[in-house]
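> Structure of the sequence below:
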Amino acid sequence: MRQVLEARNRALLLDLEELTRALTSSNIPRELQPYRDRLLSVCEQLQRMTNRNITDLALGQDWILEDVLSNTKQVTQYVRLLSARLAAPVLRASPRDRLSLAIIRWVHREHQITASIPAAFADGDCSIWPFVDIAPIYFFPCLEQRGLLYQPLYFHEFGHLLYVCHKQEMDDLVGELQREIEDMLMPASQRNDIHADAQAAHRQSVVDTWYKWAQELFCDAVGLTIGGPCFLRAFSGYLGTMERGDFYRQPSDLRRSEHPVTWLRVRLLVERARRAGFPEVATEINAEWRLVAGTMGVAEDYHGFYDEALEGAVMRTIDDMLTEASPRLCTESEARGIGWDVPSDAPISLLNHAWGMYSRDPGRYSEWEAEARRRLLG
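Predicted coordinates for the structure are as follows:
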């Protein structure tokens, strides 16, 4: 066993040396440097652990083999993690990354709990891997990451990071919502037969599904809180594929699903936008979705996973979650997209202004956006 462990640790050293060379030699934007520094620090730590394993094995003591095996497993897992996920933002880096990195870095710095977390992202569907021990990685589609219009979607993913940072408190709030939903779904009288068992199973399925749904609705609300109208427009434009699945899903698809039906998410965001003082964009987005739904002949039916009676409880819970997480609030002037001045102002004004420019004159938008990106990044 000693020989096997020694061979494995020497192989790990070679992997770490190669990974360090690859990370160090990559030509990256300056906004990514803090993330690379963090990865190199992790590599150094793993190299120390691996060398310690080799030194301990050289003692020839059998009693130490169990500890060395445990440490070797740990190093192996981290090396695989670095290679499969964490190194990607550095090894695939491009000068075009600066825009997304600037937005991520800004939103991190605007919150006390994430201010020291470096920015990193890779190509993929909009998502985040909230690995807070080293640094989270955002994923964003190749086309959308190059322009201003869909940058607000990062604010939703930032919500997932906030959830992880406040996980116990958030889980407690979601648990309270689940209990409230269960109480609302409980029939006034209960039967003791197969039908009652089926009702109980469905009720439990609804309650379980809301654990994920509440998180997604919270992240939607974080996006709107930070971005204001630009988030609602980006959200609607990106998720609105004009397919039937945007509006309706079968009960089997809803059961334990990761995300609520998109139309439901839009409806709740529209209501939240009205409450936040953005009635014009709320009315516009609501009308667009209802027009598409009417054209397709789709009627709202969430098969018991949601109805109007739940709205108050859901909105109160999301409000409480926002209070706990305390994301930065979009100001009235930022929502109007006026007064943006590089480099002193937050980019929120620019992102809202971008959607205004795109709506008013799409033909000239590309030229305007190129100049706006240049000013933003310097």
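> quick one, strands of the stretch 1-150 of the chain?
For the stretch 1-150 of the chain, the strands defined by DSSP state E, counting those that start in this stretch occupy 121-123, 127-129, 137-140.
> and the longest one, what does it pack onto?
It refers to strand 137-140. With contacts taken as 3 or more Cβ pairs under 8 Å, 6 or more residues apart in numbering; DSSP states H and E, strand 137-140 sits against helix 98-109, strand 121-123, strand 127-129, helix 153-165. The way it works is simple: take the backbone N, C-alpha and C, and place the C-beta from them, glycine included.
> So which of the ones you listed is the most surrounded?
Across the helices and strands packed on strand 137-140, averaging neighbours per residue (mean count of other Cβ atoms under 10 Å) puts helix 153-165 on top, at a mean of 23.
> and the angle for the next helix or strand after it with helix 153-165?
Scanning forward in sequence from helix 153-165 by DSSP states H and E, the next helix or strand is helix 167-185. Compare the direction of helix 167-185 with that of helix 153-165 by axes from the mean of the first three to the mean of the last three Cα atoms, to 10 degrees and you get 100 degrees.
> Could you give the separation of helix 167-185 from the chain centroid?
How far helix 167-185 lies from its chain's middle: 21 Å, per Cα atoms, centre = their mean, to the nearest Å.
> Tell me what angle the next helix or strand after it forms with helix 98-109.
Per DSSP H and E, the first helix or strand lying C-terminal to helix 167-185 is helix 194-227. Per the same axes, to 10 degrees, the angle that helix 194-227 makes with helix 98-109 is 100 degrees.
> Next one, pLDDT for Ala58 please.
As predicted, Ala58 sits at a pLDDT of 88.
> just Glu271 next, same as before
pLDDT, read off for Glu271, is 97.
> roughly how far apart are it and Ala313?
14 Å (Cβ to Cβ, to the nearest Å).
> and if you look at Ser94?
Counting by Cβ to Cβ, the gap from Ser94 to Ala313 is 45 Å.
> same check, this time on Glu44
49 Å.
> Pick out whichever of those two has more residues nearby.
Ala313 (15 against 12; other Cβ atoms under 10 Å).
> Please name the residues that touch the more buried one.
Contact analysis of Ala313 by Cβ atoms under 8 Å, 6 or more residues apart in numbering lists Leu177, Glu180, Ile181, Met184.
> His156 now?
His156 neighbours (Cβ under 8 Å, 6+ apart): Cys126, Cys219, Asp220, Val222, Gly223, Phe231, Phe235.
> and the two most separated of those residues?
Cys126 and Val222 (13.8 Å; Cβ to Cβ).
> neighbour count winner among these two?
Looking at Cys126 and Val222 with other Cβ under 10 Å, you find the greater number of neighbours at Val222, namely 27 against 18.
> From what I see, that one and Phe155 are in contact.
Yes. Checked against Cβ atoms under 8 Å, the pair Val222 and Phe155 is within contact range at 6.1 Å.
> Let me know whether Glu271 touches Ile318 as I believe.
No. If you go by Cβ under 8 Å, Glu271 and Ile318 don't touch, sitting 10.8 Å apart.
> quick one, which of the two is more surrounded?
Ile318 (22 against 14).
> phi, psi of Gly147?
phi -120, psi 180 (degrees, to the nearest 10).
> Contacts only, for it.
Going by Cβ under 8 Å, 6+ apart, Gly147 touches Leu99, Glu369, Arg373.
> at 7 Å what do you get?
Contacts for Gly147 were tallied using Cβ atoms under 7 Å, 6 or more residues apart in numbering; they are Glu369.
> Mind pulling the model confidence for it?
Note for Gly147: predicted pLDDT of 96.
> okay, now Gly378: neighbour count?
Neighbour number of Gly378 under other Cβ under 10 Å is 8.
> Name the nearest residue to Ala309, ignoring sequence neighbours.
Using Cβ to Cβ, 6 or more residues apart in numbering and skipping residues adjacent in sequence, the residue nearest Ala309 is Met184, 6.1 Å away.
> The one you found touches Asp307, doesn't it?
No. Under the criterion of Cβ atoms under 7 Å, Met184 is not in contact with Asp307, lying 9.0 Å apart.
> Give the other helices and strands that the helix or strand where Phe231 lies contacts.
The secondary structure element spanning Phe231 is helix 229-239 (assigned by DSSP H and E). The helices and strands touching helix 229-239, judged by 3 or more Cβ pairs under 7 Å, 6 or more residues apart in numbering; DSSP states H and E, are helix 153-165, helix 194-227, helix 262-275, helix 279-296, helix 348-360.
> hmm, try it at 10 Å
Secondary structure elements in contact with helix 229-239, counted by 3 or more Cβ pairs under 10 Å, 6 or more residues apart in numbering; DSSP states H and E, are helix 153-165, helix 194-227, helix 262-275, helix 279-296, helix 332-336, helix 348-360.
> mean confidence for the helix or strand just after it?
Next in sequence after helix 229-239, counting helices and strands by DSSP H and E, comes helix 251-254. Mean pLDDT, computed over helix 251-254, is 92.
> again, but for stretch 62-74
Across stretch 62-74, pLDDT averages out at 90.
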